[in-house]
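*Asks:* Please work out how this folds:
(2 chains)
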Amino acid sequence: MGVIYFDHLAATPLHPRVKEAMTHHIETVYGNPATDNQVGQPAAQALEEARVRVAALINADPKEVVFNSGGTESVNHALKGIAIGLREKGRHIITSNIEHKSVLNSLRTLRLLDYRVTSLDVDQYGLVDPAAVEKAITPETILISIMLGNNEIGTIEPVADIAKIAKKHKVMMHSDAVAAAGIIPVDVQDLGVNLLSLAANQFYGPPGVGALYVRKGTPLWPLLDGGLQENKRRAGTENLIGIVGMGMAAEMARLEMPQRLPRLKALKDRLAQGIKDSIPEIKINGHPTQCLPHLFSVSVEYIEGESLVMMLDDEGIIVATRSACASGSLRASHVLIGTGLGHALAQGTLVFTLGVDNTEADIDKVLNVMPNIVQTLREMSPLYKKEHTA
Amino acid sequence: MAYSPIVMDHFKNPRNVGEIISADGVGEVGNPVCGDMMNVYIKVENDRLVDVKFKTFGCGAAIAVSSMITEMARGKTLQEAMKITNADVAEALGGLPPNKLHCSNLGADALHSAIKNYLDRKAGKVPAEVDLDKEPHHKQREGCYCPYCQKQVEEESPMCIFCGKEIPHEHDH
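*Replies:* Purely as a prediction, here's the structure:
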């Protein structure tokens, strides 16, 4: 029995063309792009080719693309780099309550260094209110960081509106687009952001490589200090094999997106409708329309997510949960709690992230087995009985 | 999710699931906020556990622990059953992942709570209906504190910036 994979947010398989490009690179190039000789030259060429491809995915100038080790580094660099770069201007940063942990914990570090952070509430769909952002701006504010697509509930934030406000108040704007870039069209000109984070493993590229878009003129201090690589923004010899893979993954994402998008959306609709029709007492999370096309988050009453995930795994279905039990920290998801979900319901949350290889048959298999699994676990749950005899 | 084969077996084929109608004692520990909640129902004859059943809201470990404690307790005298510890249950399951030892390993607590409930009922201390609104298993303090110097630290800090000690992962709970 093959595995049915619905955890594309955790990892995506390499696109065949990505595998090909990386293999070809490994076999033909070993030079250091920083060295100006006939061994280094092909490496420098491969690096710049990848840069052009990633820039094209987000409509940026190649000079504005800084390669690094992935989404987490991008976010750390954006937040800490602006904090240092603008430390003489102010020490206040605005963000939301549902950002990725790389944002939350970068800000934790900055708080230790006496930066002040305002974290904004979101509505029941996980949307940040641009008016609330504007209200939170003070003369001390140097940076606003609001994610583009949420990695747990899929909600797409009004980043372009918020970036306009940031620009009006001469504040830097970063958007964590890790869960969105390569999946939906992302255009840094339309968004108007100064900084944008992306990672290759979200769109069929390798893990451990990402990029930070840095608009020309952005006062960004390096996170990693050392040599002059990446236009003096990110020191250290480049992970060129990964970068070549990311370049090809970006190229394929850009070219194939018009075909991928409607397919993903149809599969997600089939899954959402099927679960709604076959399992009572559930809550679908995130915004009903302003949502990533490949992410479906559903909370199931009376049961806990990890046991649900394990039973689905037994049926060959791989899906993620946001229950406290399954997380390393044993805490309920701050994103779900942020949208107003109760702790018990948050515990029963599954996140399906679909990929280009998923089929209608995969969805139907889930719809075939999940109602019975849910019922089995509910029969085992003391909460189920309580609610139903009350 | 590195569970032992015994855990997986008890998770996939849990023993003694359900409620005992007119149970002689009912124990409840945990709450859904912490992630796990366990109810144990017992039937007692001549100071012996003739039937033990459970209902659990929780992860794979919590379900396996519940199933195992009912198996371990069945047929035992009350005295013997009171001697079973959470560690005994974990051992019988072939071990539990470290982070689960803390939150999901409530089986013996739930059993002891059911036995106490039975004894209290017998002594006329409580009505036959169990009070389900007892204090939660975990008392949660606001924020996160260094276990060594007790100063408040940032959430999920790898170390305490006041005393320099590494903060164990379980402390996050």
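*Asks:* Quick one: neighbours of residue A:192, just the number.
*Replies:* By other Cβ atoms under 10 Å in any protein chain shown, the residues close to residue A:192 number 18. C-beta here means a position set from N, CA and C on the backbone, and glycine is covered the same way.
*Asks:* Setting aside sequence neighbours, what's the nearest residue to residue A:105?
*Replies:* What sits nearest to residue A:105 in space, not counting adjacent residues and going by Cβ to Cβ, 6 or more residues apart in numbering or on different chains, is residue B:156, at 6.9 Å.
*Asks:* Determine the three-state secondary structure at that neighbour.
*Replies:* coil (DSSP: H, G, I helix; E, B strand; the rest coil).
*Asks:* Pop out the phi and psi values for the most centrally placed residue in chain B.
*Replies:* What sits nearest the mean C-alpha location of chain B, by Cα atoms, centre = their mean, is residue B:106, with 1.1 Å. The phi and psi values for residue B:106, taken as degrees, to the nearest 10, are phi -110, psi 10.
*Asks:* Does it touch residue B:62 like I think?
*Replies:* Yes - with contact defined as Cβ atoms under 8 Å, residue B:106 and residue B:62 form a contacting pair (7.2 Å).
*Asks:* Can you name the next helix or strand after the longest helix anywhere in chain A?
*Replies:* For chain A, the longest helix by residue count, based on DSSP state H, is helix A:240-278. Later in the chain than helix A:240-278, the nearest helix or strand by DSSP states H and E is strand A:282-285.
*Asks:* Counting neighbours, what do you get for the residue nearest to residue A:105?
*Replies:* The local packing of residue B:156 (other Cβ under 10 Å) involves 17 other residues.
*Asks:* do the same with residue A:28
*Replies:* When neighbours are counted by other Cβ under 10 Å, residue A:28 registers 9.
*Asks:* Same question for residue B:41.
*Replies:* The number of residues packed near residue B:41 is 26, by other Cβ under 10 Å.
*Asks:* State the mean pLDDT of the biggest helix by length in chain B.
*Replies:* Selection of the longest helix in chain B by residue count, based on DSSP H, yields helix B:107-122. Here helix B:107-122 scores 94 as its mean pLDDT.
*Asks:* How about stretch A:288-308?
*Replies:* In this model, stretch A:288-308 has an average pLDDT of 96.
*Asks:* What distance separates the opening and closing residues of that stretch?
*Replies:* 24 Å (Cα to Cα, to the nearest Å).
*Asks:* can it be found next to chain B?
*Replies:* Yes - counting by Cβ under 8 Å from any Cβ of the partner chain, chain B is contacted by stretch A:288-308 at A:302-304, A:306-307.
*Asks:* Show me chain B divided up by domain.
*Replies:* Using automatic domain parsing, the domain parsing of chain B gives B:5-122, B:141-173.
*Asks:* one step back: average pLDDT across the longest helix of chain A?
*Replies:* Across helix A:240-278, the average pLDDT comes to 98.
*Asks:* now do stretch B:58-65
*Replies:* Mean per-residue pLDDT for stretch B:58-65: 92.
*Asks:* Show residues contacting that stretch.
*Replies:* Here stretch B:58-65 makes contact (Cβ atoms under 8 Å, 6 or more residues apart in numbering or on different chains) with A:304, A:306-307, A:310, A:323, A:325-326, A:380, B:1, B:3, B:6-11, B:14, B:30, B:35-38, B:56, B:66, B:89-90, B:93, B:96-97, B:100, B:103-107.
*Asks:* and chain B, which of its residues are near chain A?
*Replies:* Contacts of chain B with chain A, taken as Cβ under 8 Å from any Cβ, map to B:1, B:11-12, B:14, B:17-19, B:28, B:32-39, B:55-63, B:99-100, B:102-104, B:132, B:154-157, B:161, B:169, B:172-173.
*Asks:* Spit out the contact partners of residue 107.
*Replies:* All of this refers to chain A. Contacts here follow Cβ under 8 Å, 6+ apart; on that basis residue A:107 touches A:79, A:93, A:95, A:115, A:117, A:119.
*Asks:* Sorry, I should have been clearer: chain B.
*Replies:* So residue B:107 contacts B:38, B:40, B:65-66, B:68-69, B:86, B:89 (Cβ under 8 Å, 6+ apart).
*Asks:* And the strands in the chain?
*Replies:* Reading this off chain A. Taking DSSP state E as the test, the strands found in chain A are A:4-5, A:65-68, A:92-96, A:116-120, A:141-145, A:172-176, A:195-199, A:210-214, A:282-285, A:295-300, A:317-318, A:320-321, A:349-353.
*Asks:* nope, chain B please
*Replies:* Counting by DSSP E, the strands of chain B are B:25-31, B:36-45, B:48-57, B:144-145, B:152-153.
*Asks:* tell me the mean pLDDT over the last one?
*Replies:* Within the predicted structure, the mean pLDDT of strand B:152-153 is 82.
*Asks:* what's around residue B:122, how many residues?
*Replies:* Applying other Cβ under 10 Å, we find 12 residues neighbouring residue B:122.
*Asks:* Distance of it relative to chain A?
*Replies:* Look at residue B:122 and chain A: by Cβ to the nearest Cβ, to the nearest Å, they are 24 Å apart.
*Asks:* so how far is the longest helix of chain B from its chain's centroid?
*Replies:* Distance of helix B:107-122 from its chain centroid, counting by Cα atoms, centre = their mean, to the nearest Å, is 12 Å.
*Asks:* Could you do stretch A:148-168 as well?
*Replies:* The chain centre lies 13 Å from the centre of stretch A:148-168; the measure is Cα atoms, centre = their mean.
*Asks:* Residue numbers of the stretch 101-250 of chain A in contact with chain B?
*Replies:* Within the stretch 101-250 of chain A, the positions lying close to chain B (Cβ under 8 Å from any Cβ) are A:105, A:108, A:111-112.
*Asks:* any idea of the pLDDT on residue 46?
*Replies:* Went with chain A since none was named. Residue A:46 carries a pLDDT value of 98.
*Asks:* nope, chain B please
*Replies:* On the pLDDT scale, residue B:46 gets 95.
*Asks:* Could you give me the buried positions within the longest helix of chain B?
*Replies:* Residues of helix B:107-122 classed as buried by neighbour count (16 or more other Cβ atoms under 10 Å in any protein chain shown): B:107-119, B:121.
*Asks:* which stretch in the strands of chain A has the least confidence?
*Replies:* Among the strands of chain A, strand A:320-321 carries the lowest mean pLDDT, at a mean of 92.
*Asks:* Return the list of strands paired to that one, each annotated with direction.
*Replies:* Applying DSSP bridges to the sheet, strand A:320-321 is found paired with strand A:349-353 (antiparallel).
*Asks:* buried sites along the strand it pairs with?
*Replies:* Within strand A:349-353, the residues that count as buried by 16+ other Cβ under 10 Å are A:349-353.
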